[in-house]
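Visitor: Here's my sequence, what's the structure:
(2 chains)
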Amino acid sequence: MQSQERKIQAPVPNLETKAFWDATAEGKLMVGKCEACGKLHYYPRAICPFCFGDKTELQQVSGNGTIYTYSVMRRAPIPYAIAYVTLAEGPTMMTNIVDCDLDQIKIGQAVKLVFKPSDGGPPVPMFTPL
Amino acid sequence: MSIKGKANIVGIFEHPTRKADDKSLFQLHAECAQGALADAGLTKNDIDGYFCASGDTPGLGALSMIDYLGLKLRHWDSTDTGGSSYLLQVGHAAEAIAAGKCSIALITLAGRPRTEGQATGTAPRAAAVQSAETAFENPYAPATANMYAMCAMRHMYQYGTTSEQLAWVKVAASHHAQYNPHAMLRDVVTVEDVVNSPMIADPLHRLDCCVISDGGGAIIVAAPEVAKSLKRPLVKIIGAGEAPKHQQGGQIDLTYSGAVWSGPAAFAEAGVKPADIKYASIYDSFTITVVMQIEDLGFCEKGQGGRFVSDGNLISGTGKLPFNTDGGGLCNNHPSNRGGLTKVVEAVRQLRGEAHPKVQVANCDIALAHGTGGSLGTRHGAATVIMERE
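Guide: Residues are numbered from 1 along each chain as shown, chains lettered A, B, ... in the order given. Here you go, the predicted structure:
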């Protein structure tokens, strides 16, 4: 079953996440990085969820990753694949697998970053098989 | 301070309705309260503690519900951990009683998702609530079914679990539900029926999913001296544990649940082991939920849950671990999309010897009730309660 475009609920940026969504508009995917402990986290936060360090910054990632798990929602007007993708840099994020045959998706598959327009908001990071 | 032996469950009630199109939500809560009081042999004015989950009691926390019920209280708590809230609240009520903050605590649950036509499992989340993670999840259309499906998919990949093994959970539940006149689904099903039912979210089929039902229930927890003054069999709470599990800053591991923490805490407090449990109520939002929690509670090795539940091992009378003898959420009832309260109710029936004779576990002296609320695929609250017949 070939994936189809569906209407994507717009992310609502707030003061803390505006820079992340400004970056997606420029085609960049960012994760959070803590200056104190050096760990990367996702979704990005002002306060590090590992050590409570309050000096965090956004770091751009390569856009390469592998599928940790996924599921094709068959009971939807337009079936779609939800997934968790583990980024090459470490963190795992919720996403969709798009522009592919939904029946061929596999755990462990290598994927790369693409962006899809949302319904009235900033573009949303998704992944497609390499 | 331990709660072991400091509180008893003296009243239980499961509303018989599965479609409450003639009752309001608040009315259902009140009918459940009446039912549990009658079961205990207590009256409304005996209640001095009230526990509920804010998610199924509209208004500011519990206040509108307390107002409607007309309760005069010394203590209350409306912590919401989704479907496990009522398991958590049994522990919280026992803590409050042990600390002298109240002596007779009422816990209620009610909801009407079936009448209201909610596509509970398959509808993506609405944008109405903006939590910290909303912008990073809602665009991808997480629903309930596909979140648990992702846990099942990973479990299959990592441990070799099969759809047929998951199906055995539903088969066992259906064997029990055939004896429950109130159960929504009373037909005994086979492994083939489950794996041949329509796919909802890969790899979960329709029969891997729980029912959507209206209804509710109530529990009354009381101090031991109150329990001894009543005419019901004595069921004491001997251990409770609770734990949240979340996405851990992106270090996501969907192979286990918060039961890896709530379970050992409850077992340690109770001073018993998984092998001592004669009956277990295990939250069954989906078949995979049961498999993961059985592993995490220590009934088998991690990754062996699929093998453990196979071949009728959860069926009362023949299996090693009789579970959900009312038919559980998979066949009987999942009121308000929250299955934790009915898990306690059936465990108490088993300890009292009041389960249906066809599913009553012989010499049932120690029982466990466990649940997770929220979503195993994102964030959830796990709660475990261990009870003993006196």
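Visitor: What is the burial count for whatever residue of chain A ends up closest to chain B?
Guide: Here chain A gets closest to chain B at one residue, residue A:91, 3.2 Å apart by Cβ to the nearest Cβ. Yep, even glycine has a C-beta here, placed from its N, CA and C like the rest. Taking other Cβ atoms under 10 Å in any protein chain shown as the criterion, the count of residues near residue A:91 is 23.
Visitor: ok, now which ones touch the closest residue to chain A within the stretch 201-350 of chain B?
Guide: Nearest residue of the stretch 201-350 of chain B to chain A: residue B:250, at 3.2 Å (Cβ to the nearest Cβ). Taking Cβ atoms under 8 Å, 6 or more residues apart in numbering or on different chains as the criterion, residue B:250 is in contact with A:31, A:40, A:41, A:42, A:43, A:90, A:91, A:92, A:93.
Visitor: between those, which is closest to residue B:175?
Guide: residue A:92 (38.3 Å; Cβ to Cβ).
Visitor: The closest one is in contact with residue A:67, isn't it?
Guide: No. Between residue A:92 and residue A:67 there is no contact under Cβ atoms under 8 Å: 10.1 Å.
Visitor: shared neighbours of these two, anything?
Guide: In contact with both residue A:92 and residue A:67: A:84, A:85, A:86, using Cβ under 8 Å, 6+ apart.
Visitor: Between those residues, which sits nearest residue B:350?
Guide: For the shared contacts of residue A:92 and residue A:67, the nearest to residue B:350 is residue A:84 (37.7 Å; Cβ to Cβ).
Visitor: and that closest one, how far is that from residue A:100?
Guide: For residue A:84, the distance to residue A:100 equals 16 Å [Cβ to Cβ, to the nearest Å].
Visitor: ok, these two, which is more surrounded?
Guide: Shown here are residue A:84 and residue A:100; by other Cβ under 10 Å, residue A:84 has more neighbours (24 against 17).
Visitor: Identify the neighbouring strands of the helix or strand that contains the more buried one in the sheet and state each direction.
Guide: Assigned by DSSP states H and E, residue A:84 belongs to strand A:80-87. Paired neighbours of strand A:80-87 in the sheet (DSSP bridges): strand A:64-73 (antiparallel), strand A:92-97 (antiparallel).
Visitor: residue contacts, the nearest residue to residue B:329 once chain neighbours are set aside?
Guide: Closest residue to residue B:329 apart from its sequence neighbours, by Cβ to Cβ, 6 or more residues apart in numbering or on different chains: residue B:210 at 3.7 Å. Each residue near residue B:210 by Cβ under 8 Å, 6+ apart is listed here: B:284, B:285, B:286, B:328, B:329, B:330, B:334, B:339.
Visitor: For the most centrally placed residue in chain B, report the pLDDT, please.
Guide: Closest residue to the average C-alpha location of chain B: residue B:340 at 2.1 Å, with Cα atoms, centre = their mean. Listed pLDDT for residue B:340 reads 97.
Visitor: cool, and residue B:97?
Guide: 98.
Visitor: ok, back up a step: looking at the contacts of residue B:250, which two lie furthest apart in space?
Guide: A:43 and A:90 (13.9 Å).
Visitor: so where do the strands sit in chain A?
Guide: For chain A, the strands defined by DSSP state E occupy A:30-34, A:40-41, A:56-60, A:64-73, A:80-87, A:92-97, A:110-116, A:124-129.
Visitor: so the residue of chain A closest to chain B sits right up against residue A:44, yeah?
Guide: No. Judged on Cβ under 8 Å, residue A:91 makes no contact with residue A:44 at a distance of 9.6 Å.
Visitor: joint contacts of those two?
Guide: Common contacts of residue A:91 and residue A:44 (Cβ under 8 Å, 6+ apart): residue A:31.
Visitor: Tell me where chain A is predicted with low confidence.
Guide: Residues of chain A meeting the criterion pLDDT under 70: none.
Visitor: which residues does the closest residue to residue A:88 other than its chain neighbours contact?
Guide: Nearest residue to residue A:88, sequence neighbours excluded (Cβ to Cβ, 6+ apart): residue A:64, at 4.3 Å. The contact partners of residue A:64, taken as Cβ under 8 Å, 6+ apart, are A:87, A:88, A:110, A:111, A:112, A:113.
Visitor: Relative to residue A:93, how far out is the last one?
Guide: Using Cβ to Cβ, one gets 11 Å for the distance from residue A:113 to residue A:93.
Visitor: out of residue A:43 and residue A:90, which sits in the busier spot?
Guide: residue A:43 (23 against 15).
Visitor: Can you name the residues that contact that one?
Guide: Neighbouring residues of residue A:43 by Cβ under 8 Å, 6+ apart: A:17, A:20, A:32, A:93, B:132, B:133, B:135, B:136, B:250.
Visitor: Can you select the buried ones among those for me in PyMOL?
Guide: Burial among the contacts of residue A:43 is assessed by 16 or more other Cβ atoms under 10 Å in any protein chain shown; the matching PyMOL selection reads:
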select buried, (chain A and resi 17+20+32+93) or (chain B and resi 135+136+250)
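Visitor: re the thing from before, residues in contact with the residue of chain A closest to chain B?
Guide: Neighbour list for residue A:91: A:31, A:40, A:41, A:42, B:249, B:250, B:251 [criterion: Cβ under 8 Å, 6+ apart].
Visitor: what's the farthest-apart pair in those?
Guide: A:31 and B:251 (12.1 Å).
Visitor: Looking at the two, which one has more neighbours?
Guide: residue A:31 (21 against 16).
Visitor: ok, what's across the strand from the more buried one?
Guide: For residue A:31, the beta-bridge partners under DSSP bridges are residue A:59.
Visitor: I figured it hits residue A:58, correct?
Guide: Yes. Using Cβ under 8 Å, residue A:31 is in contact with residue A:58, at 7.2 Å.
Visitor: shared neighbours, these two?
Guide: residue A:44.
Visitor: Out of the contacts of residue B:250, which comes closest to residue B:30?
Guide: Nearest member of the contacts of residue B:250 to residue B:30, counting by Cβ to Cβ, is residue A:43, at 41.4 Å.
Visitor: From residue B:167, how far out is the closest one?
Guide: From residue A:43 across to residue B:167, the span is 36 Å (Cβ to Cβ).
Visitor: same deal with residue B:254?
Guide: 20 Å.
Visitor: ditto for residue B:338
Guide: 24 Å.
Visitor: Quick check: which element contains residue B:153?
Guide: helix B:144-159.
Visitor: quick one: buried residues of that helix?
Guide: By 16+ other Cβ under 10 Å, the buried positions in helix B:144-159 come out as B:144-157, B:159.
Visitor: Check stretch B:285-303 too.
Guide: Using 16+ other Cβ under 10 Å as the test for burial, stretch B:285-303 gives B:285-300, B:303.
Visitor: Those residues in strands, which ones?
Guide: In this view, the buried residues of stretch B:285-303 have no member that belongs to strands under DSSP E.
Visitor: what about the nearest residue to residue B:189 once chain neighbours are set aside, how many neighbours?
Guide: Excluding its sequence neighbours, the residue lying closest to residue B:189 (Cβ to Cβ, 6+ apart) is residue B:174, at 4.6 Å. Residue B:174 has 25 neighbours, counted by other Cβ under 10 Å.
Visitor: again with residue A:28
Guide: So residue A:28, with other Cβ under 10 Å, has 16 neighbours.
Visitor: quick one: contacts for it?
Guide: Residue A:28 is in contact with residue A:60, counting by Cβ under 8 Å, 6+ apart.
Visitor: As JSON lines, the contacts of residue A:64 with neighbour count and distance to residue B:347 would be great.
Guide: Putting these into JSON lines (neighbours: other Cβ atoms under 10 Å in any protein chain shown; distance: Cβ to Cβ, whole Å) gives the following:
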{"residue": "A:87", "neighbour count": "23", "distance to residue B:347": "43"}
{"residue": "A:88", "neighbour count": "11", "distance to residue B:347": "47"}
{"residue": "A:110", "neighbour count": "12", "distance to residue B:347": "47"}
{"residue": "A:111", "neighbour count": "25", "distance to residue B:347": "44"}
{"residue": "A:112", "neighbour count": "13", "distance to residue B:347": "49"}
{"residue": "A:113", "neighbour count": "19", "distance to residue B:347": "48"}
